[in-house]
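*Asks:* How does the following fold in three dimensions:
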Amino acid sequence: MRFIQVAQRAEDLERAAEFYSSLLGKEPQAVFDPPGLLFFDVGGVRLLLEKGAPSALVYLEVADLPSSVEGLRAEGVRILAEPHVIFVHEDDRLGPPGSEEWMAFVEDSEGNTVGLVSRIRTSGD
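*Replies:* From the prediction side, this is the model:
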């Protein structure tokens, strides 16, 4: 079993398409309006932005969290929480051992919270 799709609320599909195209660095995979559906491919999982969907908290991995946050800030995106350490991985249950998991939170164009995540190796293990 694997995730095939995650849905997120979007009242304005055009505005959401612009925000997520910039955030993800790619154009939408498909738009169907009506009925109000916008799709992006994120690592083989469909991100559905839908007028009728409830708000969800979506986490996206980024290569360089501080740079990503500064780029979004420069675009006028509201930063809800600055980059900070969430967890230190001492074993491999949730991530590579010897790494720190950093997160920041931003507000998307539709008022939803989006988590941005980076893992930083702290030891040579």
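*Asks:* can you give me the helices for this protein?
*Replies:* 13-24, 65-74 (DSSP state H).
*Asks:* want to throw those helices into JSON lines with distance to S118, mean neighbour count and mean pLDDT?
*Replies:* Heads up, the C-betas are built off the backbone N, CA and C, glycines and all. Putting the helices of the chain into JSON lines (distance: least, CB to CB, whole Å; neighbours: other CB atoms under 10 Å; pLDDT from 0 to 100) gives the following:
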{"stretch": "helix 13-24", "distance to S118": "14", "mean neighbour count": "18", "mean pLDDT": "96"}
{"stretch": "helix 65-74", "distance to S118": "4", "mean neighbour count": "15", "mean pLDDT": "97"}
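*Asks:* Dump those helices to TSV, plus distance to V45.
*Replies:* Written out in TSV, the entries for the helices of the chain read as follows (distance: least, CB to CB, whole Å):
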stretch	distance to V45
helix 13-24	12
helix 65-74	19
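*Asks:* What ranges does this protein have for its strands?
*Replies:* All strands of the chain, identified by DSSP state E, fall at 5-9, 30-32, 37-42, 45-50, 58-61, 79-89, 99-107, 113-121.
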